[in-house]
Every structure is written in C-alpha cells, then in structure tokens.
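In: please find the sequence and the predicted model below.
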Amino acid sequence: MIPEEKTKKVVDQIFKNYALDYGLQEFSDYKIEKILEIREKEPKRYYLKDLKTGADRFVYDEEKQTSKPEEIVRQMWLYKLNKHYKYPFDRIDTEKSVHLGHKEYARADIVVYKNDKFTPYIIIETKKPDVKQGVDQLKSYLNLEGCEIGVWTNGNEKVILYRPYPKEFEDSLSDIPSVDQKIDDLFEVKKTWNDLDPKFDFSNIIKQIEELALAGSGTNVFEETFKLIYAKLYDEKMAREQRADQEVIFRKYRDPQKTYDIINDELFKKAILEWPDVFETSDRIRLSPDRLNICVAFLESIRLLELGRGELEIIDRAFEHLITEVSKGQKGQYFTPRNVIKMCVKMINPQPNEYIIDPATGSGGFLLHSMYYVWKNLPTVEAQRGYANKFIFGLDFDDNMRRISQALMLIAGDGKHHIFKRNSLDARDWQGYESEEARVALKPLLRDLESTAENRENSLTFRHLNFDILLTNPPFAGENKGDQGLLRQYSLAKKDGRLRNDVERHILFIEKSLDLIRPGGRMAIVLPQGVLNNTNMAYVRQFLFDKARILAVVGLQVNTFKLPAPARGTGTKTSVLFLQKWGKDEKKPKDYPIFMSVSQKPGKNNSGEYVYKKGENGDFIFGSNGQKVIDDDLSQIADEFIKFKDSNKIQF
C-alpha cells in the first residue's frame, strides 16, 4: 500500500482529469487518504482494495493518464453505508447483475438488501456522471429489481429516488434511511435552523430542480423556482427569529398535499406579506403537490441566511444560471461576469460611508460585490448588515432582474434592501403611487441645486442625486425613436437644439449616470467600444470631457460576455469607462494622465466556458473561498491602476 500522502496525490490526479464529470464534494468531511488502500500493483498503475470484497480494482494509469473516478466514488459510498448508515457488509453487494427476463441487462454499482439479505432495498449508481442519464439508468434498475430506493451520484451531485413498488416514482428523498430507520421515519425527522447546512452547490440544486421536477410541468421555471426560494427564506427567518425551538417547517412530509399546504399557505403566502413588492398578493405556487415534493427534497437541508462570502458567491452563480435561462440576451441585457465586476469594484474602491447605486441593477452583481469589498473593513456582523441596509441602492425596469437582486440582498443583508423596479432613464416613471417607496428611500439623497425652481423640479424627477459611487452595465440594444417625452430630458439626445431620432439607451445612461453622482463622485460603466472610438460618437466623448475626469479605460476581450450553449452572449467589443465627476468649482486641467489597458485573458474560452488557473503540477488553484480561481488578467489590471493612481496622486 502506498503512503497516505501519495494516496492523496493519486486521488487528486484522478479527479483533476475528470473535474467536469466527477468530484468528491459529498465526502468533504472524510479523510479519503485514510480510508482507501491504494497500491502500485504494476509500475505506475494503481489499484485500490475493494472495501466489500477485498479485490483489487484499477483506478489510475499514470503513463496513459487513464483513470476510473467512479470507482473512488463507489468505494466512498461503501464506506458511508457501513460507517454512517450502519449497514453491515453482508447486506451490501457490488456489481450486482440486473436481469431483463433471463438475460443480464446490466450491473448495478451497489445494492443494499433488506434484512433477509435477498430483497434489493437501495441501489446506488455511480457509472453515469450526467444527472439525466444517471437517473434514467437508475430508474431502469429500480423497475427491473422492484427496488424502493435509488441513489445516483457523481461525488458532487446526488439524487435520491423513492419508488414504493409497484407504484411509479413518487418523489425524491433528502436522505436514505439508516439501518435502524424505516422510510416513513425520514418524513418525521424535525430539523432546526442550526441543523441546516450552509455549504452546498446551489447551481447544481437549481439544475436538478429544473431537470427532475419542473421539466414538462408546463409552469414557468423561473417563477416557480423563485417562489420556493422566497418560501424557504421566510421559513428560515421565522425559525431563527420567532420560533422558540428554531424548528424549520420547509421540508417534505409523507403526504404531498401536506407539503403543498405548508409550503404554499404557511410560508409562501406569508413571504408575500413580508416582502410585498416581489409577488402579487393573489399569487400561489403552481406546481402540483407531487412535483413540489420533489423540489423540496433538494432544498430542505440547506441554509440560505447568514452565509459567508464564499457561499453567497455560490448562490450568485446559481442565479447567473437562472438569469441566463430567463433573459438569454433579451433587451440587450447580458449577465456581467463576476471577474469584470470585481475589477471595477477594486478600481473604484468604495468606502464604508459611501452611497452606491446601480441604475441598471440586473442581478445585483455590482451591488453585491461592492458590499463584499466594504465588509472587509467593517468589524462586526451588525455593522455589515447596517451597511447593506443603508448604503446600497439599485434600480431596474426588468422585474425578474430586480427580484433576483432583491433575493441576494435579502440573503446577504438580513432582510432589507433598496432595490426598486423603476425605469432609471425616464423621469415620468417617478410619478404616481408605484414610485412612492423608491421616492421615500431616495429623498435624503436629492442634490441641493442653485434655485428653488430647480429643487422643486428635482423633487419631482429625482434626476440629480448625491451618490458617491455608481457602477453599471446598462443594456446596449434598443433605441428610443419617437419617444420625444423621454428624449427631451437629455442633452445627448439633442443636436443643434433639435432632438435626435435614434439615440440608443446606453448613450442616455451615460448622461443619467453622471446626474446620479455628486460632484467629485466616481463611476464605472460598461459600454460598447464604439462609443470611445467611432467618429460619429465624438459628441458623446466631448460631453464626457466636459462633465468628468477620465480615470481609466479598460478594453475587454471579445470572449468576456460569451455564454455557453445553448444560451447566447454578445460578441460586441466592450470597454469599461471609469470617471470622476468634476467638482462644482473645480478647475479643469488642459491635460492629465489616463490609465489605459486592454485585457488579453478574459477567463473564458471561445465557447463561453470559464477557464480556471492551474499550478505547475497541473492541479486547479483554489481561492480563500474554496472556489477555483478564474484564469484572467483583470485583477492584475486593477492592481496596475491602483499603482497608477497613487503615482499620479489622484485623489478619490
């Protein structure tokens, strides 16, 4: 047997080769090198000892770079079945023949038998790494063997199916029964808020809900998923703050109708009252009780509130998946890559007492990561919550985007937010009852203008505000032809005193953004590169020179905004423009230094997939949050800007 240190290296190498298919996340609490016995049976060919039979099983050929990660996953499940669930090995079999009639159909990876050591009870499938293929394979095994419980796993993701034979598959379970439990016992286990797990892969959970519960349901995937998230948030909030025993009631019950009644009536309906601007009061969960029961199994054991930064970033990435499904480039909206956002925030350098706004909030990425950045300088959780609830503001005309950003801020900021559904570009949208909440929140930030008439007008339009920082990626597509009421509000919509007829939205956002920040305030805005170099955009550039100091221009590589198939990204070449608004009486210099940089490594390949850094040994590099580090140059660009700013004595 090779030493434990060598065992760990061999296992790491096996999973490095199959990082997209298999992993070891569900065994993170175990020291795998202390459990598995691996030996070099032939030169550079490694085998492990089967925990059930003691036989040698091939796992890795160092020269040919071939390996069997599924065997590692299977052996770890054998260990869990025996040590955690307490099943003796004489009730467990591996590579059990599954027959179709008299002919062998396949071999099941693991079978757990009932007390009679003959009747199949649980079947575990590890060979198929893809969730859909794996679950389909598992269902066929369960049908042929008349088995009640099936587990599909690739070491990262896991699905547990329940089939009360001879009925059809009713739903999935959140766990399998231990040796001294019955299946019905699983539905009676109560949990408290402290029992919930704050470490999970939310992207995988969302994908499994879509594939296994919502596919073919005829419902809006985004809407129903979002309702469940809010119902769970409300349950956790009540458990943590009001229930004496902190019991959570968002869980599966034996009767699917009871599950529906509790999730819909006791949680979702009350979540609507708690956060009334997210759903209509008449709304309800539109999933059938059986489908809802499947969804709940994936969510009931995780904890959303009071997550650390690393876990919030995981949820952020899950919402990226939801947004991609919903928008897919509609209205010129594209999900801003988080590495771009982090670069912008680092360069803008927000401070704890500065008010921040994104007038095209989208999923709230700029706001969320600004909050992360400021949190580093705040001493307590209470101070962090206070900052999130006071200094962060967002506006968006798209209701789905607004609700996603609200959910992220609810999770991160302990239940309060300043995210509003408003059309940032149009002052007419600030009139009437619907705008009242936003007007009340923003009123303290109205800028004091020179005359009473100007202040009166500003109190109606909310055009000139005193934000310290603005970060945004406005929608590129779409003109405003014929809407003279809107165009009249903007200098950039006029030429020689007459209105232009075809001003694109991102041009208007430039002017609007400058109006929203105070003199001396700073901003970062993502723009099509043509704004900065096309001859017909010279009037825009002159407007910028008149209104603000150009701090920096960072050209983004063309793959930056690409998305993996089947979603669409944009091939538009983009840049990030960093500005500092001239002070009221500031003398504008005739010449000054501007930081210019072009990104060569966007952290994505030509297919829109993220590319991650690897060390000299070929292993992925992980950051302090436990996530793989994106292989880009944007953080380096931000560092170079900071050096440039300091050397040129530029003051924020």
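Out: Received it, and whenever you're ready, just let me know what you need. Numbering: from 1, shown residues only.

In: pull the helix or strand with minimum mean pLDDT from the protein.
Out: None of the helices or strands of the chain scores lower by mean pLDDT, DSSP states H and E than helix 309-327, at a mean of 62.

In: what's whatever helix or strand comes next after it packed up against?
Out: Heading C-terminal from helix 309-327, the first helix or strand you meet, by DSSP states H and E, is helix 338-348. Helices and strands touching helix 338-348, by 3 or more C-beta pairs under 8 Å, 6 or more residues apart in numbering; DSSP states H and E, are helix 309-327, helix 365-375, strand 467-472, strand 517-528, strand 548-555, strand 574-581, helix 634-647. C-beta here means a position set from N, CA and C on the backbone, and glycine is covered the same way.

In: need the contact partners of helix 338-348.
Out: For helix 338-348, contacts defined as C-beta atoms under 8 Å, 6 or more residues apart in numbering pick out 313, 316-317, 320, 365-366, 369-370, 373, 469, 471, 522-524, 526, 551-552, 554, 556, 560, 576, 578, 602-603, 630, 632, 634-635, 637-639, 641-642.

In: quick one, that helix and helix 634-647 angle?
Out: Here helix 338-348 runs at 10 degrees with respect to helix 634-647, directions being taken by axes from the mean of the first three to the mean of the last three C-alpha atoms, to 10 degrees.

In: can you show me the CA trace of helix 338-348 as CSV?
Out: C-alpha atoms of helix 338-348 as CSV (Å, rounded to 0.1, in the frame of the first residue of the first chain):
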residue,chain,number,x,y,z
ARG,A,338,-18.2,38.5,-11.8
ASN,A,339,-14.5,38.9,-12.6
VAL,A,340,-15.3,42.1,-14.5
ILE,A,341,-17.4,43.3,-11.6
LYS,A,342,-14.6,42.6,-9.1
MET,A,343,-12.1,44.5,-11.2
CYS,A,344,-14.5,47.5,-11.3
VAL,A,345,-15.1,47.5,-7.6
LYS,A,346,-11.4,47.2,-6.8
MET,A,347,-10.6,50.1,-9.0
ILE,A,348,-13.4,52.3,-7.7
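
In: state the mean pLDDT of it.
Out: Across helix 338-348, pLDDT averages out at 95.

In: tilt between it and strand 517-528?
Out: If you take the same axes, to 10 degrees, helix 338-348 sits at 150 degrees to strand 517-528.

In: I'd like the next helix or strand past helix 338-348.
Out: strand 356-358.

In: that following strand packs against which elements?
Out: Judged by 3+ C-beta pairs under 8 Å, 6+ apart, strand 356-358 is in contact with helix 365-375, strand 392-396, strand 467-472.

In: got the contact list for the last one?
Out: Outside strand 467-472, the residues that touch it by C-beta under 8 Å, 6+ apart are 341, 344-345, 348, 350-351, 354-360, 366-367, 370, 393, 445, 509, 513, 516-518, 521-526.

In: hey, what's Val159 bridged with?
Out: Judged by DSSP bridges, the bridge partners of Val159 are Trp152.

In: list phi and psi for Phe595.
Out: Here is the backbone geometry of Phe595 (degrees, to the nearest 10): phi -80, psi 130.

In: contacting residues for it?
Out: Residues counted as contacts of Phe595 (C-beta under 8 Å, 6+ apart) are Leu551, Ala552, Val553, Phe578, Glu640, Phe641, Phe644, Lys645.

In: once you drop chain neighbours, what's closest to it?
Out: Of all residues not flanking Phe595 in the chain, Ala552 sits nearest, at 3.9 Å (C-beta to C-beta, 6 or more residues apart in numbering).

In: same deal with Lys86?
Out: Val179 (4.3 Å).

In: quick one: Ala215 from Ile209, how far?
Out: Ala215 is 10 Å from Ile209, where distance means C-beta to C-beta, to the nearest Å.

In: my bad, Ala552
Out: Going from Ala552 to Ile209 by C-beta to C-beta gives 41 Å.

In: related to what we said a few turns ago, give me the neighbour count for the residue nearest to Lys86.
Out: Residues near Val179, counting by other C-beta atoms under 10 Å, number 13.

In: and it, which of the three is it?
Out: Following DSSP: H, G, I helix; E, B strand; the rest coil, we place Val179 in the coil state.

In: for the remainder of this discussion, apply numbering that starts at 48.
Out: Taking 48 as the first residue, the last one we looked at is Val226.

In: I figured it was touching Tyr132, is that so?
Out: Yes: counting by C-beta atoms under 8 Å, Tyr132 is a contact partner of Val226 at 6.1 Å.

In: report pLDDT for Phe625.
Out: Here, the pLDDT recorded for Phe625 equals 98.

In: where do the helices sit along the stretch 448-597 of the chain?
Out: Remark: helices assigned in the stretch 448-597 of the chain by DSSP state H, counting those that start in this stretch are 483-489, 499-508, 531-534, 552-563, 577-580, 585-594.

In: and the ones you listed as a markdown table, adding mean pLDDT and distance to Tyr188?
Out: A markdown table is the format used below for the helices of the stretch 448-597 of the chain (pLDDT from 0 to 100; distance: least, C-beta to C-beta, whole Å):
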| stretch | mean pLDDT | distance to Tyr188 |
| --- | --- | --- |
| helix 483-489 | 90 | 54 |
| helix 499-508 | 92 | 65 |
| helix 531-534 | 87 | 61 |
| helix 552-563 | 95 | 54 |
| helix 577-580 | 91 | 57 |
| helix 585-594 | 94 | 63 |
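
In: please identify the most buried of these.
Out: helix 552-563 (a mean of 23; mean count of other C-beta atoms under 10 Å).

In: contact partners of that helix?
Out: Helix 552-563 is touched from outside by 379, 404, 406-407, 471-472, 510-512, 514, 517, 519, 521-527, 533, 537-540, 570, 572, 574-575, 578, 587, 590-591, 594-595, 626, 628, with contacts defined as C-beta under 8 Å, 6+ apart.

In: could you give the angle of it to strand 564-575?
Out: Helix 552-563 and strand 564-575 are oriented at 160 degrees to each other (the same axes, to 10 degrees).
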